[in-house]
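Asker: Structure for the following, please:
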Amino acid sequence: MKLDNNQQTFFELVKAGLWADSESVELGNHGILEPVGWETVYQLAEEQSVQGLVLRGIEWYKGHKSKCVSDLSQDLLLQLIGETQMVEQQNLAMNEFVAKLIEKLREEDIYALLIKGQGIAQCYERPLWRTSGDVDLLLSEDNYKKTVDCIIPLATDIEKEHKYNMHQAMTIDSWTVELHGSLRGGLSSQIDKVLDDIKNDVIRGGNVRTWINDKTQVFLPEVNGDIVYVFSHILTHFYKGGMGLRQVCDWCRLLWSYRSELDLRLLESRIRRMGLMSEWRAFGAFAVEYIGMPVGAMPLYSVDEIWKRKADRLCDFIMEVGNMGQNRDMSYFEKYPYLIRKLCSMGRRCDDLIRHARIFPIDSLRFFPRIMFNGICSAARGE
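Answerer: Numbers count the residues shown, from 1 in each chain. Below you'll find the model as predicted:
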């Protein structure tokens, strides 16, 4: 993908935002070409939900007296600062909610692990500047059932449960809470088996790390399993409709923060057992080429040209669909009845199959029947 000036500037700012506080990472303005349409750069930051990273990147360039950001208007800068402050306040409120929820569950003798979200945010230099999402809790099967019974009375909105994934989503105090009795993504049984092993290692084996959220001890998955799960979750969104740059940034910060603690043999073994080596190397190439992930911190990285070509196509898809597919036209959800909406979604997935097959031809065909089957079963259950 050939980036225009605005896109190049956007990626350079994201790169600076990710690595500005890491002395071992070299930054520069070689990717910023004038003229720059700052309104477009700002729009890209919103589409990918990385306003905080872009603002940190602008800070870095201003601190180095770079002329490349000198024509950024004060009004637009203040708007970006205002949005980042709102993100910060939302994160503070979410952290408080997470602490209270974890404590409530412990009072009921229920122990849960926080996955994704606020746990990964702690890998950033400025955790409060990462745009927050949902509150995701991983539980044993017994605790999953107990938690559903425990907190459903607190919910104002409850979605239908996904039985295979053991997934229950609800809204509590304006926050979306998702309960997970498994880590399965439903792409293939081969992938789900490894994810089941990781869950058992974390839940039954007690293989966890911790985050002290104010005064509350929050358990997170052990890093070697977490990295594989986070990557598989990226692919679930990629193959099922849309993923964003923020997810890749999360993955990179997790890899970077724990680079000295990784079990590379275990990581490679799991990726190979899942049959995801092509995806790992393509996304690794994207991370290195577009957002400055240090090569030495990207396990299993390959310099072969094929992965750079795949990275370009990944970039094209990510920029088009926006964070979690938010750039896609979803108006049919409001226009049409349920079954028509499902047909529209299936048609889009067929279109995505064609695009994804240009990047991962074998796996696109391998995963597609399972994705469509699950979609049909979901429609039959009215989910």
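Asker: give me the low-pLDDT residue ranges for this protein?
Answerer: Low-confidence segments of the chain (pLDDT under 70): 1, 23-31, 33, 65, 324-350, 372-383.
Asker: For my notes, confirm residue 192 occurs in a helix.
Answerer: Yes - judged by DSSP: H, G, I helix; E, B strand; the rest coil, residue 192 forms part of a helix.
Asker: how much space between it and residue 274?
Answerer: 9 Å (CB to CB, to the nearest Å). Yep, even glycine has a C-beta here, placed from its N, CA and C like the rest.
Asker: now swap in residue 312 and tell me
Answerer: In terms of CB to CB, residue 312 sits 24 Å off from residue 274.
Asker: just residue 2 next, same as before
Answerer: Where residue 274 is concerned, residue 2 sits at a distance of 32 Å (CB to CB).
Asker: Of these two, which one has the most company?
Answerer: residue 274 (22 against 7; other CB atoms under 10 Å).
Asker: surely the more buried one meets residue 196?
Answerer: No - Residue 274 is beyond contact range of residue 196, at 11.5 Å (criterion: CB atoms under 8 Å).
Asker: for the protein, which residue is closest to the average position?
Answerer: In the chain, the centroid-proximal residue (CA atoms, centre = their mean) is residue 247; its distance is 2.6 Å.
Asker: Residue 219 looks like it's in a strand, true?
Answerer: Yes - counting by three-state DSSP, residue 219 is located in a strand.
Asker: which residues pair with it across the strands?
Answerer: residue 113, residue 210 (DSSP bridges).
Asker: my read: it touches residue 206, true?
Answerer: No - between residue 219 and residue 206 there is no contact under CB under 8 Å: 9.1 Å.
Asker: More neighbours: which of these two?
Answerer: residue 219 (19 against 10).
Asker: re earlier: how about the contacts made by the residue nearest to the centre of the chain?
Answerer: Taking CB atoms under 8 Å, 6 or more residues apart in numbering as the criterion, residue 247 is in contact with 230, 233-234, 237, 323.
Asker: switch the cut-off to 10 Å
Answerer: 48-49, 116, 120, 133, 230-231, 233-235, 237-238, 283, 318, 323-324 (CB atoms under 10 Å, 6 or more residues apart in numbering).
Asker: May I see the buried residues of stretch 88-101?
Answerer: Using 16 or more other CB atoms under 10 Å as the test for burial, stretch 88-101 gives 88, 91, 94-95, 97-99, 101.
Asker: Which members of these are the farthest-apart pair?
Answerer: Across those, the longest distance by CB to CB is 20.5 Å; it joins 88 and 101.
Asker: Tabulate the buried residues of stretch 88-101 in JSON lines, adding columns for secondary structure and distance to residue 357.
Answerer: Shown next, in JSON lines, are the buried residues of stretch 88-101 (DSSP: H, G, I helix; E, B strand; the rest coil; distance: CB to CB, whole Å):
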{"residue": "88", "secondary structure": "helix", "distance to residue 357": "41"}
{"residue": "91", "secondary structure": "helix", "distance to residue 357": "38"}
{"residue": "94", "secondary structure": "helix", "distance to residue 357": "38"}
{"residue": "95", "secondary structure": "helix", "distance to residue 357": "41"}
{"residue": "97", "secondary structure": "helix", "distance to residue 357": "41"}
{"residue": "98", "secondary structure": "helix", "distance to residue 357": "40"}
{"residue": "99", "secondary structure": "helix", "distance to residue 357": "45"}
{"residue": "101", "secondary structure": "helix", "distance to residue 357": "41"}
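Asker: between those, which is nearest residue 268?
Answerer: Checking these one by one against residue 268 (CB to CB), the nearest turns out to be residue 98, at 32.9 Å.
Asker: isn't that closest one right up against residue 219?
Answerer: No - with contact defined as CB atoms under 10 Å, residue 98 and residue 219 do not form a contacting pair (11.6 Å).
Asker: Distance-wise, check residue 252 relative to residue 109.
Answerer: Residue 252 sits 37 Å away from residue 109, going by CB to CB.
Asker: With neighbour numbers in mind, choose between those two.
Answerer: Comparing residue 252 with residue 109 by neighbour count (other CB under 10 Å), the higher total belongs to residue 252, at 24 against 8.
Asker: Which residue, neighbours along the chain excluded, lies closest to residue 231?
Answerer: In this structure, residue 231 finds its nearest non-sequential neighbour in residue 251, 5.9 Å apart by CB to CB, 6 or more residues apart in numbering.
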